[in-house]
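In: Give me coordinates for this.
(chains A and B)
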Amino acid sequence: MTAKLTNAQIAWRAAQDIHDGAYVNLGIGFPEMVARFQPEGRQAIFHTENGILGFGEAPAPDQEDWDLINAGKKAVTIKPGTAFFHHADSFAMVRGGHLDVAILGAYQVAQNGDLANWSTGPKGVPAVGGAMDLVHGAKRVAVITDHVTKDGKPKLVAACTLPLTGVACVTRVYTSLAVVDIVDGRFVLREKLAALSLDELQSLTGAPLHLDGAVADLTCPEV
Amino acid sequence: MDKRISGLAAAVAGIEDGMTVMIGGFGGSGAPIELIHALIDCYLATGSPRNLTVINNNAGNGHVGIAAMIEQGMVAKMICSFPRSADPRVFTERYLAGEIELELVPQGTLAERIRAGGAGIPAFYTPTGFGTDLAKGKPVAEFDGRSYVQERWLKADVALIKAETGDTFGNLTYRMAARNFAPLMAMAAERTIAQVSHVVEPGGIDPEAVVTPGIFVDCFVEVPNPAQEEDLNRANAHYPEVTA
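Out: Got it, this is the predicted structure:
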């Protein structure tokens, strides 16, 4: 098994691309980890679908106020500059092009930018939340994910086989092995782990990786 | 004018079988637990209202609030974006048994459909859901080179919402992220019933701070120190209370 980045390292790498003053929505679960790795001297303002901009970290246990939660229904805090608003305004921020970046998880990302991240099929109770809204409107829609599934299948694919969250919406994918942009319906490799050959990476990817200039080494500190 | 009603039972009187009821809240934040439980009391006493369509972001958690309505058999259909929660078993069991209908709506589309219902806009176009299973059968149109899905307004017979402070004209403020869907639902229902933690006289709310103007509110009942769904669930509460 090739060495790969941890989830924290993938989140760290994604955080490096968030500029000072950016308005950012982080999906529930793994993407929330990106907030921990804001580079020194930069301050992003985080948006949560249920109606808060600029919320703070989780409170200490037993200090929770259940009127003050994020989209994952976890308790958060207010800090100077926090704003509250109703749900229609919240999704106007999303669809109206006001967010600089949305970072989501994925089951599959296709080379044309199609994303599947809400349903693994018809079993059980379907639930979509705000995922289908978030992929439309943010200036950048980025995915953070392991490069392959738990059983080793590519998550970057020619075409999604799982139910779509959105069509041609993803602009960049940060994986455990590489950073890949989606440009004109193709995967364009920007960075890869130095120890991994291009052929090895291609064998773990379900569609052709194109090159556009030099491929940088993907390097992350131990976090 | 005084829109105050004394007593929860009086506030929820007149909600009939088969009605569509919007219920404020995102998870537990903003859930009008006391109004919901008063409606359950009404059902247990009279057998009505039942066969309700309930519109909320979620489909209940644990055994209180909306979950308790479903558990009692009052709900025929849920319109929501995320029918899962920490403890979703009440909805899940009914859904998998085919005993409750589900209309799954993306969260922002749900909010905008409700807003449209309140604003007199019968349909609108959104990029959300284009090309996905949730847009199947809906009209699609292209504007400036991009494809959009037509979505229709949502209206209701009744909205049950929770607010922080209300004056007797029905002007409301909310507490932090508890406002979520409430200002939209207040606009979209034929009859909007609020539970309010603090009642003040007109002038007691700074006009600049009013979130929901009283024109959208039909009546309210004062409920000081309202229960939080999350606290009830952490205490494994059931409604009605069960004696173990």
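
In: before we move on, which element is residue A:14 in?
Out: helix A:7-15 (DSSP states H and E).

In: I'd like to know which elements that helix is packed against.
Out: strand A:140-145, strand A:172-175 (3 or more CB pairs under 8 Å, 6 or more residues apart in numbering or on different chains; DSSP states H and E). The way it works is simple: take the backbone N, C-alpha and C, and place the C-beta from them, glycine included.

In: Including distance to residue A:160, could those strands go into TSV?
Out: Listed next are these as TSV, based on distance: least, CB to CB, whole Å:
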stretch	distance to residue A:160
strand A:140-145	12
strand A:172-175	13
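
In: now, of those strands, which is deepest in the fold?
Out: strand A:172-175 (a mean of 26; mean count of other CB atoms under 10 Å in any protein chain shown).

In: and that one, how far from the chain's centre?
Out: Remark: strand A:172-175 is offset 8 Å from the chain centroid, using CA atoms, centre = their mean, to the nearest Å.

In: List the strands paired with that strand, with their directions.
Out: Applying DSSP bridges, strand A:172-175 is found paired with strand A:140-145 (parallel), strand A:178-183 (antiparallel).

In: Need the ones you listed in JSON lines (columns: mean pLDDT and distance to residue A:214).
Out: Shown next, in JSON lines, are the strands paired with strand A:172-175 (pLDDT from 0 to 100; distance: least, CB to CB, whole Å):
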{"stretch": "strand A:140-145", "mean pLDDT": "98", "distance to residue A:214": "21"}
{"stretch": "strand A:178-183", "mean pLDDT": "98", "distance to residue A:214": "13"}
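
In: I'd like those strands written out as CSV, with distance to residue A:221 added.
Out: CSV is the format used below for the strands paired with strand A:172-175 (distance: least, CB to CB, whole Å):
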stretch, distance to residue A:221
strand A:140-145, 17
strand A:178-183, 16
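
In: Residue B:199 is nearest to which of the ones you listed?
Out: strand A:140-145 (45.0 Å; CB to CB).

In: for chain B, what spans make up the helices?
Out: B:8-12, B:33-46, B:65-72, B:89-96, B:107-119, B:182-188, B:229-234 (DSSP state H).

In: which one of those is the most hemmed in?
Out: helix B:182-188 comes out most buried of those by mean count of other CB under 10 Å, with a mean of 28.

In: That one packs against which elements?
Out: strand B:20-23, helix B:107-119, strand B:156-167, strand B:189-200.

In: Repeat the analysis, applying 7 Å as the threshold.
Out: helix B:107-119, strand B:156-167 (3 or more CB pairs under 7 Å, 6 or more residues apart in numbering or on different chains; DSSP states H and E).

In: So which of these is nearest chain A?
Out: Closest to chain A of those, according to CB to the nearest CB: helix B:107-119, at 3.1 Å.

In: contacts for the helix or strand following the helix holding residue A:14?
Out: Counting by DSSP H and E, the element after helix A:7-15 in chain order, helix or strand, is strand A:23-26. For strand A:23-26, contacts defined as CB atoms under 7 Å, 6 or more residues apart in numbering or on different chains pick out A:18, A:32, A:34-35, A:44-47, A:98-103, A:134, A:138.

In: distance of the residue sitting furthest away from the middle of chain A from residue B:197?
Out: Within chain A, residue A:62 marks the point farthest from the mean C-alpha position, 29.9 Å out by CA atoms, centre = their mean. Distance of residue A:62 to residue B:197, given as CB to CB, to the nearest Å: 22 Å.

In: now swap in residue B:77 and tell me
Out: With CB to CB as the criterion, residue B:77 and residue B:197 are 30 Å apart.

In: In terms of neighbours, single out the busier of these two.
Out: residue B:197 (18 against 15; other CB atoms under 10 Å in any protein chain shown).

In: doesn't residue B:226 make contact with the more buried one?
Out: Yes. At 5.9 Å, residue B:197 counts as touching residue B:226 under the criterion of CB atoms under 7 Å.

In: thinking again about what came up before, okay if I get the helices and strands packed on helix B:182-188 as a markdown table plus distance to chain A?
Out: Output for those, formatted as a markdown table (distance: least, CB to the nearest CB, whole Å):
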| stretch | distance to chain A |
| --- | --- |
| helix B:107-119 | 3 |
| strand B:156-167 | 9 |
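
In: so which of these gets nearest residue B:241?
Out: strand B:156-167 (20.9 Å).

In: Specify the angle between the closest one and helix B:107-119 in degrees.
Out: 90 degrees (axes from the mean of the first three to the mean of the last three CA atoms, to 10 degrees).

In: Next, the angle strand B:189-200 makes with strand B:156-167.
Out: Going by the same axes, to 10 degrees, strand B:156-167 makes 20 degrees with strand B:189-200.

In: can I get the CA coordinates of strand B:156-167 in PDB?
Out: Output in PDB follows, covering the C-alpha atoms of strand B:156-167 (Å, rounded to 0.1, in the frame of the first residue of the first chain):
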ATOM      1  CA  ALA B 156     -49.600  25.500   4.600                       C
ATOM      2  CA  ASP B 157     -52.800  25.700   6.500                       C
ATOM      3  CA  VAL B 158     -51.000  26.300   9.800                       C
ATOM      4  CA  ALA B 159     -47.400  27.200  10.900                       C
ATOM      5  CA  LEU B 160     -46.200  26.500  14.400                       C
ATOM      6  CA  ILE B 161     -43.100  28.500  15.200                       C
ATOM      7  CA  LYS B 162     -41.000  29.500  18.300                       C
ATOM      8  CA  ALA B 163     -39.900  33.000  18.800                       C
ATOM      9  CA  GLU B 164     -37.900  34.700  21.600                       C
ATOM     10  CA  THR B 165     -39.800  38.000  22.200                       C
ATOM     11  CA  GLY B 166     -43.100  39.100  20.800                       C
ATOM     12  CA  ASP B 167     -45.200  42.200  21.300                       C
END
